[in-house]
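Trainee: here is my input; please provide its structure:
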Amino acid sequence: MKHKGLVRVLAFTLAGILTLGNVSVNAGGTISPAVDRGDMSYVTDSYSNERIHNSYSNISYDYVATPYTGNPIEINAEESLVSATGVLTDDNYGYKNKAIRLEIDDSAEYSVDVPETALYILRFDYLSYDKSILPIELSMKINGSYPFYEARRILLETTWIADEEKSFDRYGNEIVSLPNKLLQWESKFFKDASYYHADPLVLELNQGNNLISFQVAEGSLLLGNMYLEAIEEVSEYTGSELATGDQLITIQAEDFKYRNDSSIRSIAEFEAGLDPYEITNTLMNTIDKDSFKNAGQKITYEFEVPVTGYYYLAMNYRQNDKGDFPVFLDMEIDGKVPNSEFKAYPFDYTAKYKTITLNDYDKNKLSLYLEQGTHTISFTINMEVICHVLESVSRIMSEINDLSLEITKVAGTNKDKYRDLQITRYIPDVEERLYGWANELEQLHDSVKIYSPNTKRIASFSSAFIASNQLRSLAKEPDELPYRVGELSTSINSTNKQLADLLDILSKNRISLDRIYLYQEDAKLPQKPGFLTRIFLSIKRFIASFFDQAYSTNAINKDNIQIWVNRPRQYVELMQKMIDDQFTPETGINVDLSLMFDAQKLVLANSSGDAPDIATGINYALPFDLGIRGAIKDLTEFDDFQEIASRFSPGLHIPTTIGDGIYSLPETMNFWVLFYRTDTFEKLGLKVPDTMQDVIDLLPELQMRGLNFFYPTAQMIALRNFHGTTPLIFQNEAELYDYDTAMTALNTEESIRGLSMLTELFTIYNAPIDVPSFYQHFRNGDLPIGIGDISTYNLLVNAAPEIANSWGISLVPGIKNEEGEILRYTAGGMDNIFMFNSDEKRENDAWEFMKWWTSAEVQTEFGQTLQISYGTEYMWNTANMDAFEALPWDSQNKKVIMEQAEWIKESPRILGTYMLERELSNAFNDIVVQGDTLRIRIDKAIKLIDRETIRKLEEFGYIKDGEVVIDYEVPTLEKVYDILGKENGGR
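Mentor: As a prediction, the model looks like this:
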């Protein structure tokens, strides 16, 4: 195991500066701007990412001032305040002086008298007083401008404390405990929100008066005093003392006391070498690596030292994600890193848990001096060692995008294979650039190879070598680039896709911790079970698994309300805990939850008479199939149905409306919004489209630069479902069915207009028709705008850190009607909850549960608890609009989503609707891909659809011998409003 200090000497200080391709890395690890490529005036625009050019690494490289060495300079919150939209208050939870209360969109500006031109670090006193689980998010300007790109986003985390009592479910299994947010004043240095830089970011300030301003983007806080301070260096390591004695202190890693991210959690693993370990029930015994993975995350333990003296530090851990490459942790004792050896300590790859004692690069054990009493030890994930790699790869990706756009400008978007185009005449240095990037990627690999000296190629960098080989292949035949430009940045296996994968791999630092030991020379570390013991315990665990009935349909009390849940186990555990703690004590109704892995099991269970009372987490299309067969309850029969149903967007009720009845309630909703790259639109001076005509007008501006617009139908490969085919039909004020005859209405002028607009978007206006992943193309930048749903939103929030702060959302572009209103109809159906028919008492009890479960209070608590316990990727997109407003999501984005949710209009479900959905998909493919004429192809589809509809109506008794005997009423939005008791049809 090698140490960071040695790496810095070898990797960064050879001859003072190591030049990596087109980037220079100075001795401190910061990166210089890319080399000047000469006059490129033949390129009309520059699309290089501002985040790259104005990054802290580039800006700080040009600092000329010397570090400040004086005492801290206090910036009093009251005396230095120039202006603020927040409120200066002394109601400040015991702070030493007045503080300013700031909420979303509030700003504050301070005047600071700087004694000398120098380099400073900035520290904040703050308190987060609301209940939000999201960190406070600020932006900061110095004298009216951002000092560097990272100042656009500052995160101020909150400390979370573990619950003193562990949580168990009704089966005796330990489950994730909910942490508590500490309402306390915090103090934090100004740092990079991505934590590429682990140390405080340095500000170069001129002598005299300087203005420092802040604007709040998320959260509510009290902002106290600030401090300009000298740069603090960690003490250099000078050697370790022998830890004489026989003391052994064992800390269970799952029992951390504090964390700066609520989602850091423990997990139970059935691994015999872990402690604690139980064969039958689950016990938390390790840190969940999927929760402890991001740079800047910190966990803290309290422990007692029985005897003053020196102690070695050992850890039982597993780091099996980064092949051949370590994860780096900072370690603090009582809030301070002891010396440089404990800064960015590397934990090597290991497929299984292993115990190591921390040592220096000479293999000497590292020791800590601890006095008798209570102490804390903290671990923080550090990525600064590979910061130059991450930033260089991001820059290369940006430059590759620039080259792709240059090639498109020269060659155009329609490539003629018979046209002899010498791209090197227009872009003379194209070969140099391609080879330069290839060389630089390999040199970046070599710059960190000291952490894996026995490996020829680090497995975690495999994507870098794939990208390098692709670049060399392109460089060999530069004049073929117009025909291979997709290999640079737009195809699913492009160079930029490989580099994005590299960033993903390197940015995630998953590590599992089992135990931490502080021990002395004569102490014996616990031995792991031997091979035979482990085999024996594994066999016992295997046998016990056959008797595990937790959340099984076999472990139920028939007198209780039975609910089958089509969701992962952690959701079910949390639901059952809330039911046992809240619902049952309040109502006296006992409930058993069972895991259901296949919703189709409901059909079989109903046929055999074994159906549950309630099913939840079920696709919104299934209730119609059960309801039309009389299997599930018409919820309108309950007196308070209208009150309960008004919790949701009315358009979500359409698919489960049959006649005058509604047979399920929405549990979660999908949402469709317009995603756009703010950086691209700002650079090109483009406006975000508000209507589909705006989209059509925008397309030439995008396409002339090799960019395009994404419409979601392009991502639906096997079946272009209603979510992709119906919005433009509804926006053109058409319907899928004729209300009087129940036959399809696709041949009305309004429907034809909507379908023409949909298909012409691809056939005439050249929107891409086959996009396997809008998310990936949006990251790459070649599709800087498009319509996406909750899955795209979740990915961009949680899996695209390189474009954080570079994208936004807006309402879906719509169609302006004759009254001038823009109709923005989209789909929104997702998961529903419904009850099966039973006796009156069970139905009433089931209805009580459905009312409780879909209430704003319960849905809010469930959504917040999911994110607190499991992380921001566990987004609970509740269909209850009041609850959605209270979810811990970005506040500005929530406003857009909630406004768009008012336009949800799901497609009606009638007998044979599956044929309509299928034929719409087939017609779209034939028109767009095969070139069929729209009206002829739609007429063909109508015949097939109506034939199947009539067949199904005959099957269910609505038609007999060709005559209508029972009118089938097609559900509409107006019908839903009528059932809900609304006075008008609204939208």
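
Trainee: so residue 771 versus residue 261, what's the distance?
Mentor: 33 Å (Cβ to Cβ, to the nearest Å). Where C-beta positions appear, they are placed from N, C-alpha and C, glycine not excepted.

Trainee: residue 346 now?
Mentor: 22 Å.

Trainee: where are the low-confidence patches of this structure?
Mentor: 1-51, 413-419, 541, 544-549, 554-556, 983-987 (pLDDT under 70).

Trainee: for this protein, which helix is longest?
Mentor: In the chain, taking DSSP state H as the definition, the longest helix is helix 387-411.

Trainee: contacts only, for residue 871.
Mentor: For residue 871, the contacting residues are 263, 290-291, 798, by Cβ atoms under 8 Å, 6 or more residues apart in numbering.

Trainee: from those residues, which would you call buried?
Mentor: 263, 290-291 (16 or more other Cβ atoms under 10 Å).

Trainee: closest to residue 585 among these?
Mentor: Closest approach to residue 585 among the buried ones among the contacts of residue 871 (Cβ to Cβ): residue 263, at 28.2 Å.

Trainee: please name the nearest non-neighbouring residue to the closest one.
Mentor: Ranked by Cβ to Cβ, 6 or more residues apart in numbering and with sequence neighbours excluded, the top spatial neighbour of residue 263 is residue 871, at 3.6 Å.

Trainee: quick one: that neighbour from residue 290, how far?
Mentor: Counting by Cβ to Cβ - residue 871 and residue 290 are separated by 8 Å.

Trainee: same question for residue 121.
Mentor: Taken as Cβ to Cβ, the span from residue 121 to residue 290 is 33 Å.

Trainee: likewise residue 112?
Mentor: 42 Å.

Trainee: do the same with residue 751
Mentor: Counting by Cβ to Cβ, the gap from residue 751 to residue 290 is 47 Å.

Trainee: do the same with residue 650
Mentor: 38 Å.

Trainee: what of residue 389?
Mentor: Taking Cβ to Cβ, one finds residue 389 at 23 Å from residue 290.

Trainee: sorry, back to before: let's have the buried ones among the contacts of residue 871 in JSON lines, adding secondary structure.
Mentor: Output for those, formatted as JSON lines (DSSP: H, G, I helix; E, B strand; the rest coil):
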{"residue": "263", "secondary structure": "coil"}
{"residue": "290", "secondary structure": "coil"}
{"residue": "291", "secondary structure": "coil"}
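
Trainee: the residue nearest the centre of the chain: what secondary structure?
Mentor: In the chain, the centroid-proximal residue (Cα atoms, centre = their mean) is residue 798; its distance is 2.0 Å. Of the three states, residue 798 takes helix under three-state DSSP.

Trainee: wait, it sits on residue 872?
Mentor: Yes - taking Cβ atoms under 8 Å as the definition, residue 798 is a contact partner of residue 872 at 5.7 Å.

Trainee: where exactly do the strands run in the stretch 801-950 of the chain?
Mentor: Ranges of strands within the stretch 801-950 of the chain are 807-810, 815-816, 822-823, 829-835, based on DSSP state E, counting those that start in this stretch.

Trainee: list the pairing partners of the last one within its sheet, with orientation.
Mentor: When pairs are called by DSSP bridges, strand 829-835 turns out to pair with strand 614-619 (antiparallel), strand 665-669 (antiparallel).

Trainee: what about the helices in the stretch 51-200 of the chain?
Mentor: 56-61 (DSSP state H, counting those that start in this stretch).

Trainee: for the helix or strand harbouring residue 606, which helices and strands make contact with it?
Mentor: Per DSSP states H and E, residue 606 falls inside helix 601-608. Helices and strands touching helix 601-608, by 3 or more Cβ pairs under 8 Å, 6 or more residues apart in numbering; DSSP states H and E, are helix 622-627.

Trainee: tell me the helix or strand right after the helix it packs on.
Mentor: Downstream of helix 622-627 (by DSSP H and E), the next one is helix 641-645.

Trainee: which elements pack onto that following helix?
Mentor: Packed next to helix 641-645, using 3+ Cβ pairs under 8 Å, 6+ apart, is no helix or strand.

Trainee: residues making contact with the very next helix or strand once past it?
Mentor: Sequence-wise, the next helix or strand downstream of helix 641-645 (DSSP H and E) is strand 657-658. If you take Cβ under 8 Å, 6+ apart as the criterion, strand 657-658 is touched by 624, 627-628, 634, 663, 908, 971, 975-976, 979.

Trainee: using TSV, please lay out those residues together with neighbour count and distance to residue 919.
Mentor: TSV is the format used below for the contacts of strand 657-658 (neighbours: other Cβ atoms under 10 Å; distance: Cβ to Cβ, whole Å):
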residue	neighbour count	distance to residue 919
624	22	18
627	23	23
628	17	20
634	17	30
663	23	25
908	25	16
971	26	20
975	20	24
976	24	25
979	19	29
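
Trainee: can those go into a markdown table with extra columns for distance to residue 846?
Mentor: Listed next are those as a markdown table, based on distance: Cβ to Cβ, whole Å:
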| residue | distance to residue 846 |
| --- | --- |
| 624 | 19 |
| 627 | 15 |
| 628 | 20 |
| 634 | 13 |
| 663 | 13 |
| 908 | 26 |
| 971 | 24 |
| 975 | 25 |
| 976 | 23 |
| 979 | 20 |
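
Trainee: which of those residues sits closest to residue 694?
Mentor: Out of these, the member with the shortest distance to residue 694 (by Cβ to Cβ) is residue 908, at 29.4 Å.

Trainee: distance of the closest one from residue 625?
Mentor: Taking Cβ to Cβ, one finds residue 908 at 14 Å from residue 625.

Trainee: again, but for residue 363
Mentor: Relative to residue 625, and taking Cβ to Cβ, residue 363 is found at 68 Å.

Trainee: swap in residue 523?
Mentor: Where residue 625 is concerned, residue 523 sits at a distance of 66 Å (Cβ to Cβ).

Trainee: one more: residue 422?
Mentor: From residue 422 to residue 625 the distance is 62 Å (Cβ to Cβ).

Trainee: who's more crowded, those two?
Mentor: residue 625 (16 against 10; other Cβ atoms under 10 Å).

Trainee: ok, back up a step: for the residue nearest to the centre of the chain, which non-adjacent residue is closest in space?
Mentor: Going by Cβ to Cβ, 6+ apart, residue 798 has residue 873 as its nearest residue, at 4.4 Å.

Trainee: tell me how many other residues crowd the one you found.
Mentor: The tally of other residues near residue 873 (other Cβ under 10 Å) stands at 14.

Trainee: just give me the neighbour total for residue 559.
Mentor: Neighbours of residue 559 (other Cβ under 10 Å): 9.

Trainee: ramachandran angles for it?
Mentor: Per-residue torsions, residue 559: phi -80, psi -20 (degrees, to the nearest 10).

Trainee: cool, and the one 4 residues further on?
Mentor: The phi/psi pair for residue 563 (degrees, to the nearest 10) reads phi -130, psi 120.

Trainee: in stretch 581-592, what counts as buried?
Mentor: Applying 16+ other Cβ under 10 Å to stretch 581-592 flags 583-584, 589, 591-592 as buried.

Trainee: what about the residue nearest to residue 981 when sequence neighbours are not counted, neighbour count?
Mentor: In this structure, residue 981 finds its nearest non-sequential neighbour in residue 642, 4.8 Å apart by Cβ to Cβ, 6+ apart. Per other Cβ under 10 Å, the neighbour tally for residue 642 reads 14.
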